[in-house]
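> here's a sequence, model it:
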Amino acid sequence: MPDIVVDGKTRVAYVPTIANIAAPTTAELNAGMLLQSTLTASGLAGFAPDTAKVDTSSLASTFNTAVNGKSSFDGTQLTLKKQTGTDTIHDTLVRGTTGYIVIRRSIAESTNWATSQKVSVYPIECGETIYLDPEENSVERYTIPLTVSSSPNQRATVA
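This next block holds a predicted model:
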């Protein structure tokens, strides 16, 4: 089986409302705002869960044992390129904004949302925008820290 090259095959959207995160509809996804063209190449960060370990060893144990504990997300953020004129993303994703980040992988980003596609849906709340220090030979950038506000569905199917 050939490998899937990641370049150009990640679609990311901010969607304000999703009724069922296990089965977002194409209408809900189309009502969202696409982000992948304004995200920096490394601008999608912290969307990997960390699962805590619960120690189940006893005083009599001769081997450390554990079971899975709570999962969490840390360092979840978007780093975007500032746009001239009206920057809808910058003006929409302000502190306190809630909604969903939807990520689709392994399909050309230009492919429209369609039923049966696999996506990950993260309920989020936006933090305060962080403007990154200017650098030579760089575009103006800013970061929006995100809190994953409830359990996501990383294996959702578009309805």
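> list the contacts for the residue sitting furthest away from the middle of the chain?
What lies farthest from the middle of the chain is residue 60; by CA atoms, centre = their mean that is 43.3 Å. Residue 60 makes no contacts at all, as judged by CB atoms under 8 Å, 6 or more residues apart in numbering. Every C-beta, even on glycine, is put in place using the N, C-alpha and C of the backbone.
> and it, how far is that from residue 54?
Using CB to CB, to the nearest Å, one obtains 18 Å as the distance from residue 60 to residue 54.
> one step back: name the helix or strand for the residue farthest from the centre of the chain, please.
For residue 60, there is no host helix or strand (DSSP states H and E).
> which pLDDT value belongs to it?
What the model reports as pLDDT for residue 60 is 95.
> now the helices for this structure?
Along the chain, counting by DSSP state H, helices occupy 26-30, 88-92.
> format these as a markdown table; extra columns: mean neighbour count, mean pLDDT and distance to residue 10.
Output for the helices of the chain, formatted as a markdown table (neighbours: other CB atoms under 10 Å; pLDDT from 0 to 100; distance: least, CB to CB, whole Å):
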| stretch | mean neighbour count | mean pLDDT | distance to residue 10 |
| --- | --- | --- | --- |
| helix 26-30 | 16 | 98 | 15 |
| helix 88-92 | 14 | 96 | 16 |
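> out of those, which comes closest to residue 157?
Counting by CB to CB, residue 157 lies closest to helix 26-30 out of the helices of the chain; the figure is 11.6 Å.
> which residues touch that closest one?
Under the contact criterion CB under 8 Å, 6+ apart, helix 26-30 has outside partners 13, 15, 17-19, 102, 112-115, 119, 158-159.
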